[in-house]
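>>> show me how the following folds:
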Amino acid sequence: MAVAIRLTRVGRSKAPYYRLVVADSRFPRDGRFIEILGHYQPLHGDSQLKVNEERALHWLGVGAQPSDTARSLLRKLGIMQKWHEARASQKKAHKAAKSAPEAPETKVENAGM
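Model prediction:
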């Protein structure tokens, strides 16, 4: 199942209102979704945008692919930056653990039992 983070339109005519959702990429734009991450009102004075950062980072971490517009909105909030930093630190920790010398195994002999 290919999971995508994308926008779904829920506003009325001439007044768009979008939800940022996690959905299976095979479903229609306004169809079934897995979870709502936030909302976006582009025509509101300051283009109101609210996203649950913790859940967005979770879904990015498990492999959800954001659409171009969703990626742009997440970048605007700094969520993509945090995800890239977390991913880089995980890779660095993984490399350090991989290159660290392994401790020699000690054999424990059964002494008189």
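
>>> quick one, helices of this structure?
Taking DSSP state H, the helices of the chain run over residues 53-61, 68-77, 79-99.

>>> ok, now which ones touch residue 87?
For residue 87, no residue counts as a contact, taking Cβ atoms under 8 Å, 6 or more residues apart in numbering as the criterion. Any C-beta I mention is one placed from the backbone N, CA and C, and that applies to glycine too.

>>> got any ranges where this protein has weak pLDDT?
1, 100-109, 111-113 (pLDDT under 70).

>>> now the residue nearest the centre of the chain: how far from residue 39?
The geometric centre of the chain, computed from its C-alpha atoms, lies nearest to residue 60 (Cα atoms, centre = their mean), at 1.9 Å. Distance check for residue 60 against residue 39: by Cβ to Cβ, to the nearest Å, it reads 18 Å.

>>> just give the closest residue to the residue nearest to the centre of the chain, not the sequence neighbours.
Across the structure, with Cβ to Cβ, 6 or more residues apart in numbering as the measure, the residue nearest residue 60 apart from its sequence neighbours is residue 83 (4.8 Å).
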